[in-house]
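coordinates for the following, if possible.
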Amino acid sequence: MDKTSNVRNRGNQWQRLLRWHRKQKVAAGGDGAQDEGKRDSSLGQKLNVICKEWLVDPAEQFYYVWLQVMILPIVYNSVIIILRTCFTTIALSYLPVWFTLDYLSDLMYMFDMIITVHTGYLDQGILIKNLTQLKKRYLHSKRFLRDLASLLPTDFLYFVFGVQTPMVRINRLLRLPRLSEALDRMETRTSFPNTFRISKLMIYIFVLIHWNACLYFALSSYIGFGSDRWVYPNITNPEFASMRRQYFYCFWFSAQIFTTVGDTPLPKREEEYLFMIADLLIAVLVFASIVGNVGNVITSLRDRDNVFFPNHELVKAYLRSHHISKELRQRIDSWYQHLHINKKIIRENEILQKLPVHLRTEIAVSVHLPTLSKVTIFQNCDKSLLEELVLKLTPQVFSPGEYVCRKGDVGHEMYIIKEGKLAVVADDGVTEFALLSAGNYFGDISILSIKGNKSGNRRTANIRSIGHSDLFSLSKEDLTDVLSEFPAAKLHLEEKGRQILVKMGMLEESREGEEGEAEKVETKIKRLESNLEILQTKLARLMAELESCNRKIQARVERLEWEVSVMQSPLPEDWGGGKRAQGRGEGRECKEEREKKDRQQKTIIQNNNKISKSEKKLYFFL
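Prediction:
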């Protein structure tokens, strides 16, 4: 009994241990599942946040690259759908490949819709980044309806019409506007826009001929292969049975119709006549578009050449009309030839004039600022001053043996050597004193009006170009205009110029100059003193005249006041009135006396008005 009880107890212990171990595993498994669930939920939340915050800027590189990627499915659908519809042999021979490419293009269409939803747009110049607004704008646009219609599952119609009718996917061509957008972006970014336009036109013509070739083969199949000379030959003939021959023959026939080159067989049936009429009308439009586009490209190329380089034909006509010597004409021809061969542009300012000022400044800074910074007088100057100066630099090209400047000439500009070699020569033109190469400059002191310069702003050496040399010139007028806005920089440059002239021994700082300046100041002071005395004399004379005038006016006013008092005094009672017996003669005398008094009163009033006016003038003068 004891043994059996011990065995049972040991068995119960082992069972308890097993149960406990199982519980621990289950608990651990439950905790792991919870951790995995938490991780999955956190990953899902992160993905949601990323999707909500993700925004595509239409001006960035990603959007441009995606547009180039979208060219592939759009071109595939526009070329292959009609090919598989008309050439059933090609469609059935590579069916798995076509299905794979079809649904891959559909997948790219779906990604394109997602990217379009997250693509920002500009509202009053500000990029809208709110995803809610982007969704609302896209979902309420015609573009969304077009994109949605291009992804309708029309492939289910295969169960009705069969897999040999891929025309059920014709709705995929609704994405063609996306192709035009991608090509427009490429045209704005390419360095050769004219070549790109010609290539784009040729691709359009290729696709048009491709569609026409497919329709020609389908019409031939409808009429009957080999039924007449116009349709495709009988495919039972081994020579015309291969798929390659079928497509190439139809493409060649369609190209002949559109280019009107070669003798195409005359149509026999009404369907054939209608097909040819439509093709000939399209051929006229194609020919007109080709001629127009090529003409525009050639015109733009000529305009570009006329902008980049001066018109050589006009110069030649001028030289012929004036009977210029042959040697000089050859020099001019070699100069033009050098410009065209090496693509050197000497009219940069006219080309960049079409850009806004800030972009023009940035281009000029990136091209010319390193060269301008090498000039000694412009080192350590304000950057804004240098940015103004680089816009004034003018490129110039000198031919071999041509003098850039001669000794004794008045210096109106300075030169910076960009490329080439120049020699400082003697008056005989043979002896060379120094050799200047790229990065050197000369004439910098002549454009600064520094007092005491012994050379008097004239050239001190003869400089001649050894080969073809490219130089930048900065005129004195342009420098003066720029320095008028930077007075501190002007003083700084003049001081630097004086230091250079002192080192060269070309600056006059004698006492005679100081004495001459002092004498000039003294003469100016004397002139001012004499002018002041003359003005004082004139002022005294005016004051005397004013005083005498005032006296005369005062005496006249007193006299007029006395006359007014006399006229206003009362008459005696026995004078004139009351005696009616004197008759009509005395009445007339009274009437005359009254009229005389009235006239005197009027003259007094007029005199008073004149006096008031004269007083006002006098007060105003005082």
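
so how far is Leu92 from Glu239?
Going from Glu239 to Leu92 by CB to CB, to the nearest Å gives 22 Å. Where C-beta positions appear, they are placed from N, C-alpha and C, glycine not excepted.

more neighbours: which of these two?
Between Glu239 and Leu92, counted using other CB atoms under 10 Å, the more crowded position is Leu92 (13 against 10).

what's the following helix or strand after the one helix or strand that one maps to?
When elements are assigned from DSSP states H and E, Leu92 belongs to helix 88-93. If you walk from helix 88-93 toward the C-terminus, the next helix or strand you reach (DSSP H and E) is helix 95-117.

which parts of that following helix are buried?
With burial defined by 16 or more other CB atoms under 10 Å, the residues of helix 95-117 counted as buried are 98, 101-102, 105-106, 108-109, 112, 115-116.

cool, stretch 475-485 as well?
Counting neighbours by 16+ other CB under 10 Å, the buried set in stretch 475-485 is 476, 478-479, 482-483.

identify the residues contacting it?
385, 388-389, 392, 394, 411-413, 446-448, 489-490, 493 (CB atoms under 8 Å, 6 or more residues apart in numbering).

pick the one among those closest to His468.
Ranking those by separation from His468, with CB to CB as the measure, puts Thr394 on top at 17.1 Å.

picking up where we left off before, chain center to the helix holding Leu92: distance?
Using CA atoms, centre = their mean, to the nearest Å, we find the averaged C-alpha position of helix 88-93 to lie 52 Å away from the chain's own average C-alpha position.

list the helices and strands that helix packs on?
Helix 88-93 is packed against helix 61-86, helix 243-259, with contacts defined by 3 or more CB pairs under 8 Å, 6 or more residues apart in numbering; DSSP states H and E.

tell me which of these sits nearest to Trp211.
Trp211 sits nearest to helix 61-86 of all those, at 5.5 Å, using CB to CB.

Ile463 touches Leu422, doesn't it?
Yes - the pair formed by Ile463 and Leu422 meets the contact definition of CB atoms under 8 Å, at 5.4 Å.

mind listing the shared neighbours of those two?
404, 436.

related to what we said a few turns ago, and Arg137, which of the helices and strands packed on helix 88-93 is closest to it?
It is, among the helices and strands packed on helix 88-93 and with distance given as CB to CB, helix 61-86, at 16.4 Å.

can you give me the helices in the stretch 451-600 of the chain?
Listed from the start of the chain, the stretch 451-600 of the chain has helices (DSSP state H, counting those that start in this stretch) covering 476-483, 487-504, 511-567, 584-621.

dump the C-alpha coordinates for the first one into CSV.
This means helix 476-483. This file holds the C-alpha atoms of helix 476-483, laid out as CSV (Å, rounded to 0.1, in the frame of the first residue of the first chain):
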residue,chain,number,x,y,z
LYS,A,476,34.4,103.9,-66.9
GLU,A,477,30.8,105.1,-67.2
ASP,A,478,29.4,101.8,-65.9
LEU,A,479,31.8,101.9,-63.0
THR,A,480,30.9,105.5,-62.2
ASP,A,481,27.2,104.6,-62.2
VAL,A,482,27.7,101.7,-59.8
LEU,A,483,30.0,103.6,-57.5
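
helix, strand, or coil at the residue nearest to Tyr441 when sequence neighbours are not counted?
Using CB to CB, 6 or more residues apart in numbering and skipping residues adjacent in sequence, the residue nearest Tyr441 is Ile416, 4.6 Å away. Of the three states, Ile416 takes strand under DSSP: H, G, I helix; E, B strand; the rest coil.

which strand residues bridge Ile416?
Taking DSSP bridges, one obtains Tyr441, Phe472 as the residues bridged to Ile416.

okay, it: pLDDT?
What the model reports as pLDDT for Ile416 is 83.

try Gly30
Gly30 carries a pLDDT value of 52.

repeat that for Glu514.
Confidence at Glu514, expressed as pLDDT, is 50.

just to revisit the earlier point, let's have the helices and strands packed on helix 88-93 in a markdown table, adding distance to Arg185, mean pLDDT and mean neighbour count.
Formatted as a markdown table, those follow (distance: least, CB to CB, whole Å; pLDDT from 0 to 100; neighbours: other CB atoms under 10 Å):
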| stretch | distance to Arg185 | mean pLDDT | mean neighbour count |
| --- | --- | --- | --- |
| helix 61-86 | 6 | 92 | 17 |
| helix 243-259 | 29 | 90 | 17 |
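
ok, so of the buried residues of helix 95-117, who is nearest Pro400?
With CB to CB as the yardstick, the closest approach to Pro400 among the buried residues of helix 95-117 comes from Ile115, at 58.6 Å.

from what I can see that closest one touches Asp57, true?
No - using CB under 8 Å as the test, Ile115 is too far from Asp57 to be in contact (11.6 Å).

buried subset of the contacts of stretch 475-485 as a ChimeraX selection?
Buried residues within these, as defined by 16+ other CB under 10 Å, are selected in ChimeraX through the command that follows:
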select :385,388,389,392,411,413,446,447,448,489,490,493
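
quick one: which of the contacts of stretch 475-485 sit in helices?
Counting by DSSP state H, the members of the contacts of stretch 475-485 that fall within helices are 385, 388-389, 489-490, 493.

of those residues, closest to Phe398?
If you rank the ones in helices among the contacts of stretch 475-485 by distance to Phe398 using CB to CB, Leu389 comes first, at 21.7 Å.

who's in contact with the closest one?
The neighbours of Leu389, taking CB under 8 Å, 6+ apart as the test, are 372, 378, 474, 478-479, 482.

just give the nearest non-adjacent residue to the spatially most central residue of the chain, would you?
The residue lying closest to the centre of the chain (CA atoms, centre = their mean) is Leu355, at 3.5 Å. Ranked by CB to CB, 6+ apart and with sequence neighbours excluded, the top spatial neighbour of Leu355 is Ile363, at 7.3 Å.

just checking, the one you found touches Gln353?
No - under the contact definition of CB under 8 Å, Ile363 does not touch Gln353, with a separation of 11.7 Å.

of those two, who's got more company?
More crowded of Ile363 and Gln353, by other CB under 10 Å: Ile363, with 16 against 10.

now name the helix or strand holding that one.
When elements are assigned from DSSP H and E, Ile363 belongs to helix 357-372.

state the mean pLDDT of that helix.
What helix 357-372 shows for mean pLDDT is 77.

just the residues contacting it, thanks.
Defining contact as CB under 8 Å, 6+ apart, one finds that helix 357-372 is touched by 352-353, 355, 378, 386-387, 389-391, 393, 416, 418, 439, 472.

can you give me phi and psi for the closest residue to Lys374 other than its chain neighbours?
On the basis of CB to CB, 6+ apart, the spatially nearest residue to Lys374 that is not a chain neighbour turns out to be Gly439, at 5.6 Å. The phi/psi pair for Gly439 (degrees, to the nearest 10) reads phi 100, psi -20.
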